[in-house]
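Trainee: model this:
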Amino acid sequence: MVTEHANRPTRVRGVGLPASVTPALLERLTARVSAAPDAARVTTTAPYTGVPLADLPVSTPAEVEAAFARARTAQKSWAATPISERKKIMLRYHDLVLARQDEALDLMQAENGKTRRDAFLEVVDIAITSRYYARNAAKYLSPKRRRGAIPLLTHTTELRHPKGVVTVISPWNYPLSMAASDAIAALIAGNAVVQKPDTQTALTALWSLDLMYEAGLPADVWQMVVGRGSSIGGALMENANYMMFTGSTASGRQIASDAGRRLIGASLELGGKNPMIVLDDADIDKAADGAVAACFPSAGQLCVSIERLYVAESIRDEFVAAFTARTKNLKIGAAYNYSIDVGSLTTPSQLKTVTEHVDDAVAKGATVLAGGKARPDLGPLFYEPTILTDVTPDMTLYDHETFGPVVSIYTYRDVDEAVEKANATPYGLNSSVWSGNGARGRAVAARVHSGTVNVNEAFAAAWGSIDAPMGGMGDSGLGRRHGADGILKYTEPQTVAHQRVQGFYPPARISPESWATLLTGALKVMKAAGLR
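Mentor: Numbers count the residues shown, from 1 in each chain. Presented below is the predicted three-dimensional model:
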């Protein structure tokens, strides 16, 4: 393998699996799948090369049912485990993830095709998430005194109980972050978890599960099943006390409908067509660097990556030149080290979508400033980082999510137009605003319709601010992960109100009319005293 600049892209010759991905590791991880010993098998392939990677057992609906039965038994004792003990497990898990990160990085690259630097961000994310909830879960879950109905006479407490068994369905694009982050919050809240990771990246999810058990998680509290949603999706929904799903908007709508029928809660992080606004006072070099970081991580296969760029007319030419030069200079290829900037797409279907979107746009008049084609000479699923202009509404990628290394550039005359264009989408997941004036950037950010907005950053600032909620508006989903929302959604709130001495009904010696007059006077006094 020889690493060169993108105008002479990385050559991949005989890239195999890294040394850490041994037959023993694969056997240990696949044994973690909740499936019968004689289960049917499915083989995954490595995106870098297209060669077989893992042979996974496939779970049946009956085996999913059995996993839930075990989980319900285990959850009872897990919920009774003191939060201090759950905390210790999460902190041990934190340390193990960091200590064994090379193994995780190798697995993520082997299964997903992303670069090592993109994989490393997932390790960082899970370390932050596990530490955050370990340190803060007791605060969020502890009983809270609430104002009683009658001052001094009503003692009211809010309690938090775990939902029970949570179903987590996680995607292939961020196989460690999406597999573990939602499970961590659900687990430390006292739930059990039955999870279906995407089959393509199941090894990384199973690695995370294996490490959690090594950290001390009791048996059966977290289990994983493998299979198609069309086969086991019904069992995952019908047995869940709560549903956590990350994936497409179409699938999210179906899950929301099914959850509504069962009257259970659901949290859904779905698609996006995320915008970036470059204001006329932005630092051109910083904004161009930011655009590269916003558009091409994990080959653009990131829910919060940018696919639409809106640039002020006055700086359009200078910005486009800087951004295009940086994009053309990216190193593309495969390497199990930190030498590569952009890796492979993950699946043939994703390569097909990216190719069709770009070809359709070019056929209808779009201009390619960088990239624009697949690179089979590098590997079966590589596609060049691509910048398009002259994109019009009749082109598929104008308003449909591409989920690849493709971005379209548009211009605007004033800030109102920029905000209007950024908001002209049913989606609302993530956005980015670039300005030389922080206050101005934040003011524009507040007008953008998306669950997270980053000022002078691509997505990591908002995502990494784990004390704040993260999620989508509109067609980008329901619910939030991170912060208090990210753990409390896995709990049932319960109000316990203890009434002492006297309630709302009159004692025997006072007539209802006199009691009503007395209470009316008391309410007026409370208002005058400023009581809430």
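Trainee: my guess is residue 106 meets residue 336, correct?
Mentor: Yes. At 6.1 Å, residue 106 counts as touching residue 336 under the criterion of Cβ atoms under 8 Å. (Each C-beta comes from the backbone N, C-alpha and C, glycine too.)
Trainee: between the two, what contacts are shared?
Mentor: Taking Cβ atoms under 8 Å, 6 or more residues apart in numbering as the criterion, residue 106 and residue 336 both touch residue 18.
Trainee: Confirm that residue 213 sits in a helix.
Mentor: Yes. Counting by DSSP: H, G, I helix; E, B strand; the rest coil, residue 213 is found in a helix.
Trainee: In contact with it, which residues are there?
Mentor: 219, 222.
Trainee: Would you map the helices across the stretch 251-400 of the chain?
Mentor: Ranges of helices within the stretch 251-400 of the chain are 284-295, 316-328, 348-363, based on DSSP state H, counting those that start in this stretch.
Trainee: Residue 469: neighbouring residues, count only.
Mentor: By the criterion of other Cβ atoms under 10 Å, residue 469 has 18 neighbours.
Trainee: any idea how far residue 104 lies from residue 409?
Mentor: When distance is defined by Cβ to Cβ, to the nearest Å, residue 104 is 35 Å away from residue 409.
Trainee: just residue 227 next, same as before
Mentor: For residue 227, the distance to residue 409 - Cβ to Cβ - is 41 Å.
Trainee: Next: residue 441.
Mentor: According to Cβ to Cβ, residue 441 stands 19 Å off from residue 409.
Trainee: How about residue 315?
Mentor: Taken as Cβ to Cβ, the span from residue 315 to residue 409 is 12 Å.
Trainee: can you check residue 465 too?
Mentor: 28 Å.
Trainee: Between those two, point out the one with more neighbours.
Mentor: More neighbours surround residue 409 than the other of residue 465 and residue 409, with 23 against 15 (other Cβ under 10 Å).
Trainee: Now do whichever strand or helix holds that one: which elements does it pack against?
Mentor: Following DSSP states H and E, one finds residue 409 within strand 406-412. Applying 3 or more Cβ pairs under 8 Å, 6 or more residues apart in numbering; DSSP states H and E, one finds that strand 406-412 contacts helix 284-295, strand 306-312, helix 316-328, helix 348-363, strand 386-389, helix 415-422.
Trainee: Make TSV out of these and add mean neighbour count and mean pLDDT.
Mentor: TSV is the format used below for the helices and strands packed on strand 406-412 (neighbours: other Cβ atoms under 10 Å; pLDDT from 0 to 100):
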stretch	mean neighbour count	mean pLDDT
helix 284-295	21	98
strand 306-312	24	98
helix 316-328	18	98
helix 348-363	18	98
strand 386-389	22	98
helix 415-422	18	98
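Trainee: any chance of the ones you listed in a markdown table, with distance to residue 434 too?
Mentor: A markdown table is the format used below for the helices and strands packed on strand 406-412 (distance: least, Cβ to Cβ, whole Å):
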| stretch | distance to residue 434 |
| --- | --- |
| helix 284-295 | 4 |
| strand 306-312 | 9 |
| helix 316-328 | 9 |
| helix 348-363 | 25 |
| strand 386-389 | 17 |
| helix 415-422 | 11 |
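Trainee: Tell me which of these approaches residue 170 most closely.
Mentor: helix 348-363 (16.7 Å; Cβ to Cβ).
Trainee: same for the closest one, what does it pack against?
Mentor: strand 386-389, strand 406-412.
Trainee: who's in contact with that helix?
Mentor: Counting by Cβ under 8 Å, 6+ apart, 300-301, 345, 368, 372-374, 380-381, 383, 386, 388, 391, 395-398, 400, 402-406, 408 sit against helix 348-363.
Trainee: In strands, which of those residues appear?
Mentor: Among the contacts of helix 348-363, DSSP state E puts 368, 386, 388, 406, 408 in strands.
Trainee: Which helix runs longest in this protein?
Mentor: Of all the elements of type helix in the chain, the one with the most residues (DSSP state H) is helix 116-141.
Trainee: pLDDT on that helix, on average?
Mentor: Mean per-residue pLDDT for helix 116-141: 98.
Trainee: That helix: which residues count as buried?
Mentor: In terms of neighbour count (16 or more other Cβ atoms under 10 Å), helix 116-141 has its buried residues at 116-123, 125-134, 136-137, 140-141.
Trainee: for the stretch 101-250 of the chain, what spans make up the strands?
Mentor: Assigned by DSSP state E, counting those that start in this stretch, the stretch 101-250 of the chain shows strands spanning 144-146, 154-162, 165-170, 192-197, 222-224, 242-246.
Trainee: Give me the most central residue, this protein.
Mentor: residue 178 (5.4 Å; Cα atoms, centre = their mean).
Trainee: Isn't that residue up against residue 169?
Mentor: No. With contact defined as Cβ under 8 Å, residue 178 and residue 169 do not form a contacting pair (9.4 Å).
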